[in-house]
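>>> All I have is the shape, not the residue letters:
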């Protein structure tokens, strides 16, 4: 909000741009004149005497001699090249195209072209793998001269481009070339002859050969790949180039800077940065012809580089290279991170691991660079939760965030498409009507629609959010990949009808994935398609995998009304398919020789079974490159057919498939597949000889000093102890003698207790124990509660209102009070009635004890049974299951001690120690971002509370409803990643909107939060304990207490979305809900309230939980060997509750126990809702409906 309460819009201006910049050629000339003896260029991979220019020794004694030229040498040699080009007929306005790797030839061509006023057009050498794109780009540039990397490149160029119809000067780097080509050495010799004939000797570009182009004339043409197969030409002028360099110099520009350049020189950042540092008299260092981490590390160290720019993949591989060797680069002043997928952790690693004094980030594209940050010494200044702040609008730049297909700015904080206008933005693409939809004119300014998704924060800072792009472009390791270019190759196969979408990858950022209508004939159709792309376009473009659309449950591609394929929908489907297809790790998969990982304080041993390493390695390389295993030469160096990103991804697949991997230096040492196989076999064998360490033993006692630590000040501890002592004394207990520990509740329990909600959720559960006497059952309960001490705990508030458990020492006086023998009853039905009408309503209420059990002798079965009554604050479904399993085990084998669980104290201490950690903040921010518009959807709350909600006293056991869904088997067979619980939730959401007539559904579900301990960093997982175990051995699923959390589901219902896409979307989100399940509720609520002050969005989170929620409790309702859960009665004042699980002989029977708010909803309405939910479940499970829009189902309710 603004100072006067008005809503701030996502529009900002970076201030006037007062500069009247010099032409680029003049800036280069000035740098050469001012710093003739300074190092201008170093190329670690090139000869020190290349082209007859003797290198100087700026790094004498630190490295083998390599090319090192001063500004005088670079500018004078560029003058020779310019003269040689002129001698071949090249004149001002003639385009010079380069197809070069990094090396001295690129800056020579750059200087010469700019000095001659010839448009400079750098292309990637990989471009030659795509004949169509190459011909197109050469045509757009109106090429007059081309400089390629090698004779091989020259031959490839001749095979795809016919220059007979126009005069084309063809040049190859080096000293020899094929027929019809001249060489760079030839042109330099020609320049020397021209210079020798002049009285003044050798001329520099800033004198004899420089001409001033028109102010708006094209200086450089860079290409950007759009959503079509043909790249678009971006004409840059002196004005746009200077604006770019203005942004790159926000942290100051000095001739003392030394820039390490390794990005491809046709890349915007590979060109702009090099030009910027040359124009400021700084040094540019090329480590190698193409990026490699070892060469980059060497260049950074040897030349004591002060600046560099990284994309995520390069940073990842460099860190992997240097960390084992303990290398850092303290001379670095700024590392700029560019490209996609920049994360806060990457920002932090620049200063913490690379050793740079500063880090910066920018948002730019080939068309313009509107947002940049100056380098900061503290990365946190550019981090907001799990977003990074690219900066603010640069000088002269206007930036706005708009809704798609709109030019009106959104309120700040709402994500939308980034639009930019300013001196760095091109006026349009080259060619008539090319990409005109991306530009518009408003208020006399040309605006560019970026297609990138961003958010503007209240202070004007901008972050790239979500997928980052509205367009279909795929960015693999900073390289743009146009999907349609790959589609063109694949669609040469009859009937394939391919669509390419991007899928996330932890190493490359994104990789292309091919969807096809059908495979071509053959033994390996997917491999055929991948090989075709590799042969036509190179490994960069090879689809990571090829998927048929029927695998996704589709009969046709999802399309718009105008029959255009909806690629965003395809991306969602592919993401869900890839994520959920990952193998589920079961205990038996990771514990050797069949030992279960159950004994928290025990140990187990064994060896890991080895896999066929060779077959796995060849399969991994097949997946990574598209080359069939039979065609992979195990003795050929992998760099012959894979780039650095592919190698990084292969290393990740090694780790995943084999359990071991090779480090970056090891991959460089073992360059061929055979040596990699042997190295991996050695590692796998060594790993197999290790034994599994026993988990750490954790004592559950806590001293008073520790209690004071968790309670805060000494006064707070004293006040708490006084309150607790009073509460305990009423029940006959002494704090100092009887208390075992004090444990803080998690946020979820704390919020629900303050709201009063959880006090209306007591469980009364009847459990017959056939074959047991009353005494045996009581003794088994005593042992069980000693192993699950939280059940019989007390709850007391601290001075700040926070809630704490007080667990009690196992002792007779505790169990005598809570385990009550009630005599005899006639039958099990009477036991069930006692659960529904629990006779002691004051049991298990605050402050405690919060568990009581009534034990009966049941005459008809001549056995004991119990009804236990427990407060929901001390358990969740998982810990309830642990307790029941212990009770069953204690009855089965009373002489055998129960296996200890992971103490709840351990879980709670980790939770509260790390609840404000970066990992916890990441989880909170994910929820806040997802629920940012929650306040706009109050109408989705159903059933509404027109009067205060009331618990259902007439039928506390609710209504039990079940239905069989045999089609679930087909879904599980075809798409096993979709779970039955998500199908039910999806159906509940559909029926919700039929009642509210709203666009979204709101419901809550429980998250068990038992996949790992909360928020702990990976670095803590392997800290050894006293018995050789590690924290990683603690199993969160075995925590003896409530780890559960509530997850708010805000589900948009799009009637045009297909049933299968809808299920996939919800399944994908459910995985994220589980991943971020531990997020502290109070932090989420506070953050939502702060996002829109006065809207009370945070309160809607627990209002949703009071209104409509699903809890999925597989395994709790069931039979054990010695006990049976017969009836669960819950008295809850909640709107509508589904307690559900699967059952039946084939696990296709949905069993649902329903609870509802008696004051606002009726049994009839509840039955109507669940029957409609059944209809929705059955409709979505039918395969014939998977490709049909949801509107077909919802139409019956209109």
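Cool, the structure landed. None of the values given here were measured: they were computed from a predicted structure. Numbers count the residues shown, from 1 in each chain.
>>> Can you name the residues that contact residue 87?
187, 190, 191, 194 (Cβ atoms under 8 Å, 6 or more residues apart in numbering). Bear in mind the C-beta positions are built from the backbone N, C-alpha and C, glycine included.
>>> For the second one, give its distance to residue 88.
Relative to residue 88, residue 190 is positioned 8 Å away (Cβ to Cβ, to the nearest Å).
>>> Those two: which is more packed in?
Comparing residue 190 with residue 88 by other Cβ atoms under 10 Å, the one with more neighbours is residue 190, at 19 against 15.
>>> Now do the buried residues in the helix or strand harbouring that one.
Assigned by DSSP states H and E, residue 190 falls within helix 184-197. By neighbour count on 16 or more other Cβ atoms under 10 Å, the buried set for helix 184-197 is 184, 185, 186, 187, 188, 189, 190, 191, 192, 194, 195.
>>> ditto for stretch 828-838
828, 830, 831, 832, 833, 834, 835, 836, 838.
>>> do stretch 875-894 as well
Buried residues in stretch 875-894 (16+ other Cβ under 10 Å): 875-891.
>>> Ok, stretch 350-362 next?
350, 351, 353, 354, 355, 356, 357, 358, 359, 360, 361, 362.
>>> Reformat these as JSON lines; add pLDDT, distance to residue 810 and secondary structure.
Below are the buried residues of stretch 350-362 laid out as JSON lines (pLDDT from 0 to 100; distance: Cβ to Cβ, whole Å; DSSP: H, G, I helix; E, B strand; the rest coil):
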{"residue": "350", "pLDDT": "95", "distance to residue 810": "53", "secondary structure": "helix"}
{"residue": "351", "pLDDT": "94", "distance to residue 810": "51", "secondary structure": "helix"}
{"residue": "353", "pLDDT": "93", "distance to residue 810": "49", "secondary structure": "coil"}
{"residue": "354", "pLDDT": "94", "distance to residue 810": "54", "secondary structure": "coil"}
{"residue": "355", "pLDDT": "94", "distance to residue 810": "54", "secondary structure": "coil"}
{"residue": "356", "pLDDT": "96", "distance to residue 810": "56", "secondary structure": "coil"}
{"residue": "357", "pLDDT": "96", "distance to residue 810": "58", "secondary structure": "coil"}
{"residue": "358", "pLDDT": "96", "distance to residue 810": "58", "secondary structure": "coil"}
{"residue": "359", "pLDDT": "96", "distance to residue 810": "54", "secondary structure": "strand"}
{"residue": "360", "pLDDT": "94", "distance to residue 810": "59", "secondary structure": "strand"}
{"residue": "361", "pLDDT": "92", "distance to residue 810": "56", "secondary structure": "strand"}
{"residue": "362", "pLDDT": "86", "distance to residue 810": "62", "secondary structure": "strand"}
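>>> show me the biggest strand of the chain in terms of residues.
Using DSSP state E, we find that the single longest strand of the chain is strand 445-456.
>>> pLDDT on that strand, on average?
Across strand 445-456, pLDDT averages out at 90.
>>> if we can go back for a sec, out of the contacts of residue 87, who's nearest residue 148?
residue 187 (13.6 Å; Cβ to Cβ).
>>> Quick check: the closest one touching residue 88?
Yes: between residue 187 and residue 88 there is a contact under Cβ atoms under 8 Å: 7.3 Å.
>>> The longest strand of the chain: how far from the chain's middle?
In terms of Cα atoms, centre = their mean, to the nearest Å, the centre of strand 445-456 is found 23 Å from the chain centre.
>>> Sheet-wise, list the partners of that strand with their directions.
strand 416-421 (antiparallel), strand 439-442 (antiparallel), strand 462-469 (antiparallel) (DSSP bridges).
>>> Just name the most buried of those.
Looking across those with neighbours counted as mean count of other Cβ atoms under 10 Å, the highest average goes to strand 416-421: a mean of 24.
>>> which helices and strands sit right next to the longest helix along the chain?
Looking across the chain with DSSP state H, the single longest helix is helix 1163-1181. Helix 1163-1181 is packed against strand 959-964, helix 967-974, helix 980-996, helix 1059-1075, strand 1136-1143, strand 1149-1156, helix 1190-1194, with contacts defined by 3 or more Cβ pairs under 8 Å, 6 or more residues apart in numbering; DSSP states H and E.
>>> What residues sit buried inside the last one?
Going back to what we said before, that points to helix 1190-1194. 1190, 1193, 1194.
>>> Check the contact between the second one and residue 1178; I expect there is one.
Spelled out, that is residue 1193. No: using Cβ under 8 Å as the test, residue 1193 is too far from residue 1178 to be in contact (10.2 Å).
>>> The buried residues of stretch 875-894 in helices, which ones?
Using DSSP H, 877-891 are the members of those that sit in helices.
>>> residue boundaries of the strands in the stretch 1-150 of the chain?
Secondary structure of the stretch 1-150 of the chain (DSSP state E, counting those that start in this stretch): strands at 11-13, 39-43, 67-70, 95-99, 120-123, 143-148.
>>> residues making contact with the second one?
Residues lying outside strand 39-43 but in contact with it, judged by Cβ under 8 Å, 6+ apart, are 32, 56, 58-59, 66-71, 73-75, 102-104, 107, 258, 278, 283-286, 299, 303.
>>> Partner strands of it, with direction?
strand 67-70 (antiparallel), strand 283-286 (parallel).
>>> Could you find the closest non-adjacent residue to residue 422?
residue 397 (3.5 Å; Cβ to Cβ, 6 or more residues apart in numbering).
>>> Show the contacting residues for that neighbour.
With Cβ under 8 Å, 6+ apart, residue 397 has these contacts: 13, 14, 243, 370, 371, 420, 421, 422, 423, 424.
>>> Please apply the same query to residue 323.
residue 353.
>>> What count of nearby residues applies to residue 748?
26.
>>> Surely it is in contact with residue 1083?
No: counting by Cβ under 8 Å, residue 748 stays clear of residue 1083, with 11.4 Å between them.
>>> Including distance to residue 852 and mean pLDDT, could the helices and strands packed on helix 1163-1181 go into CSV?
Below are the helices and strands packed on helix 1163-1181 laid out as CSV (distance: least, Cβ to Cβ, whole Å; pLDDT from 0 to 100):
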stretch, distance to residue 852, mean pLDDT
strand 959-964, 25, 84
helix 967-974, 39, 86
helix 980-996, 32, 96
helix 1059-1075, 33, 93
strand 1136-1143, 22, 84
strand 1149-1156, 22, 86
helix 1190-1194, 47, 96
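>>> Next, format the ones you listed as CSV and append distance to residue 1015.
Output for the helices and strands packed on helix 1163-1181, formatted as CSV (distance: least, Cβ to Cβ, whole Å):
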stretch, distance to residue 1015
strand 959-964, 38
helix 967-974, 33
helix 980-996, 25
helix 1059-1075, 12
strand 1136-1143, 29
strand 1149-1156, 32
helix 1190-1194, 37
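>>> To residue 237, which of those lies closest?
helix 1059-1075 (44.6 Å).
>>> What are the buried residues along the closest one?
Buried residues in helix 1059-1075 (16+ other Cβ under 10 Å): 1059-1071, 1073.
>>> before we move on, what about stretch 733-745?
Neighbour count says stretch 733-745 has 733, 735, 738, 739, 740, 741, 742, 743, 744, 745 buried, by 16+ other Cβ under 10 Å.
>>> Kindly report the same for stretch 1138-1154.
Buried, per 16+ other Cβ under 10 Å, within stretch 1138-1154: 1138, 1139, 1140, 1141, 1142, 1148, 1149, 1150, 1151, 1152, 1153, 1154.
>>> Show me which pair in the residues you listed is furthest apart.
1148 and 1154 (19.8 Å).
>>> Show me the helices in the stretch 401-550 of the chain, by range?
Here the stretch 401-550 of the chain has its helices, by DSSP state H, counting those that start in this stretch, at 483-490, 525-537.
>>> Now do the buried residues in the last one.
Of the residues in helix 525-537, those buried by neighbour count under the rule 16+ other Cβ under 10 Å are 525, 526, 527, 528, 529, 530, 531, 532, 533, 534, 536, 537.
>>> what number of residues lie near residue 476?
Residue 476, neighbours per other Cβ under 10 Å, totals 26.
>>> Sketch out the strands for the stretch 901-1050 of the chain, chain order is fine.
959-964, 1000-1007, 1045-1052.
>>> and of those strands, who's closest to residue 1165?
strand 959-964 (11.4 Å).
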